[in-house]
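Fold the following.
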Amino acid sequence: MKYYKLDGQAVGKAITLLEWAEWTLTADRNIARTIIGSRIVVTFFNGIDYDNPGHVMPPLLFETGVSTGGDVIGQWRTATWGAAEKAHLEICAALLAFDDGENQSEVALRAALRAVKLKQGNEGSGQ
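Have a look, this model is predicted:
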C-alpha cells in the first residue's frame with residue numbers, strides 16, 4: 001500500500017504510513033456530506049492506495065459512501081477531487097429519484113446505485 005496527503009485539492013506525492021497518520025490527525029479530508037431522507041452520502045479523501053499492483057493507474061484515493069440506518073449500501077472510489085465531487089452529485093441524484101426508500105424497494109435502489117458505479121468505472125474514475 002501507498003499513502004498520500006492532499007496539497008489543496010490535488011494529491012501530493014506518496015508519503016510514509018507514519019507521515020500519513022500524523023497528517024490525518026489535523027487535516028480536513030471532507031469533500032461533501034449530504035443527507036437525503038434516511039440516507040447519508042459522504043465523500044472524503046482517504047489517501048490510501050489499497051490495490052493498485054504495479055501502480056499502472058492513478059490511485060483511487062477518494063471515497064464516497066452511502067449509508068442508511070448504519071448499513072453501508074454503496075461505496076465508490078475515485079482518483080481525483082473533481083471525480084469525487086462528480087460521483088457525490090451523481091449518487092445524490094440517484095437517491096433523489098427514490099421516495100426516501102419508503103415507497104421504493106431497496107433492491108431497486110441498489111440497482112440504481114450500481115448503475116452509477118458502472119458509469120463511474122466506464123469513465124475511468126471509479127471502482
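
could you pull out the helices for the chain?
Under the criterion DSSP state H, helices of the chain are mapped to 17-26, 81-96, 106-122.

and the first one, which residues are buried?
Going back to what we said before, that points to helix 17-26. Of the residues in helix 17-26, those scored as buried under the neighbour-count criterion (16 or more other C-beta atoms under 10 Å) are 20, 23. Where you see a C-beta, it was placed from the backbone N, CA and C, and this is true even at glycine.

same question for it, mean pLDDT?
Mean pLDDT, helix 17-26: 96.

Quick one: distance of it to the chain centre.
In terms of C-alpha atoms, centre = their mean, to the nearest Å, the centre of helix 17-26 is set 20 Å apart from its chain centre.

sorry, back to before: deepest in the core, which of the helices of the chain is it.
Most buried of the helices of the chain, by mean neighbour count (mean count of other C-beta atoms under 10 Å): helix 81-96, with a mean of 20.

Compare the helices of the chain and give me the one nearest Gln9.
The closest of those to Gln9 is helix 81-96. By C-beta to C-beta, the value is 4.1 Å.

Return the alpha-carbon coordinates of that closest one using CSV.
What follows is the C-alpha trace of helix 81-96 in CSV, where atoms were taken according to Å, rounded to 0.1, in the frame of the first residue of the first chain:
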residue,chain,number,x,y,z
TRP,A,81,-11.1,15.6,-6.2
GLY,A,82,-13.2,16.6,-9.2
ALA,A,83,-14.2,13.0,-9.9
ALA,A,84,-15.1,12.6,-6.2
GLU,A,85,-17.4,15.6,-6.4
LYS,A,86,-19.0,14.3,-9.6
ALA,A,87,-19.6,10.9,-8.1
HIS,A,88,-21.1,12.5,-5.0
LEU,A,89,-23.5,14.5,-7.1
GLU,A,90,-24.5,11.6,-9.3
ILE,A,91,-25.1,9.4,-6.3
CYS,A,92,-27.3,12.1,-4.7
ALA,A,93,-29.2,12.4,-7.9
ALA,A,94,-29.9,8.7,-8.0
LEU,A,95,-31.1,8.8,-4.4
LEU,A,96,-33.4,11.7,-5.0
